[in-house]
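# predicted structure and sequence below. I'll ask about it afterward.
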Amino acid sequence: MATLIVNGTDLPEPQKITNNLYMIGDSKRNAAGTMNMQYIANKRKYDVQWGTMTAAQLSSLISLIKSSTPQFTLTVLDPGLPGGSYTGNFYAGDLSYDDVKIDTYGTVTFNTIKCQLIEC
C-alpha cells in the first residue's frame with residue numbers, strides 16, 4: 001500500500017512527511033478576564049516532500065491535487081493511529097520545487113517537490 005492515496009490513486013512515494021495536528025477552537029476573554037474557549041475540531045496538515053520526479057510524474061501529481069474541484073479524499077499511512085492510516089477530505093497548499101534539470105537525452109526532471117496537504 002502506498003503512503004499517500006488521493007481519490008484511490010497512489011501518489012509517488014515521498015521522501016519525507018511531517019504530520020501536524022491542530023486543535024481548532026474559538027477563545028475569548030470576558031469582562032472579568034476569564035478565558036472562555038469553545039472546542040471546534042482537530043484537523044491535520046501533512047507537509048510532504050518528494051525527491052526527483054519526471055515531468056510526467058509531476059504533471060500527474062498536479063492533476064490529482066490541483067483539479068477544478070480543490071477538495072479530494074486523502075488516505076495517509078500512519079502507524080501511530082488505530083488501524084494504521086487516516087482518511088479525510090483535504091485540499092493542497094502551494095506546490096513548489098527547487099530546480100529543473102534537463103539531461104543530455106532531453107529528459108526533464110524536477111527536484112525537491114514540496115506541498116502541504118491540509119484537512120478541510
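Arrived safely, thanks for sending.

# which one in this protein is furthest away from the centre?
Ala32 (41.5 Å; CA atoms, centre = their mean).

# now do that one, the pLDDT please.
You'll see Ala32 listed with a pLDDT of 89.

# which residues in the protein form helices?
For the chain, helices defined by DSSP state H occupy the ranges 55-65.

# for it, which helix or strand comes out least confident on mean pLDDT?
When the helices and strands of the chain are scored by mean pLDDT, DSSP states H and E, strand 99-102 comes last with a mean of 86.

# tell me how many other residues crowd the nearest residue to Ile40 once chain neighbours are set aside.
Sequence neighbours aside, Ile24 is the residue nearest to Ile40 in space, at 4.4 Å (criterion: CB to CB, 6 or more residues apart in numbering). Where you see a C-beta, it was placed from the backbone N, CA and C, and this is true even at glycine. Other residues within reach of Ile24, judged by other CB atoms under 10 Å, total 11.

# just list whatever residues bridge to Ile24.
Taking DSSP bridges as the rule, Ile24 bridges to Ala41.

# was I right about it contacting Arg44?
No. Assessed by CB atoms under 8 Å, Ile24 is found out of contact with Arg44, at 11.1 Å.

# rewinding a little: who are the contact partners of the residue farthest from the centre of the chain?
With contact set as CB atoms under 8 Å, 6 or more residues apart in numbering, Ala32 has no partners.

# torsion angles phi and psi at it?
phi -80, psi 0 (degrees, to the nearest 10).

# now for the least confident helix or strand of the chain, which elements pack on it?
strand 108-119 (3 or more CB pairs under 8 Å, 6 or more residues apart in numbering; DSSP states H and E).

# and the contacts of the strand it packs on?
Residues contacting strand 108-119 (CB under 8 Å, 6+ apart): 4, 43-55, 58, 61, 65, 74, 76, 88-103.

# could you turn the buried ones of the residues you listed into a ChimeraX selection?
This is the ChimeraX syntax for the buried subset of the contacts of strand 108-119, where burial follows 16 or more other CB atoms under 10 Å:
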select :4,44,46,47,48,50,53,58,61,65,74,76,90,91,92,93,97
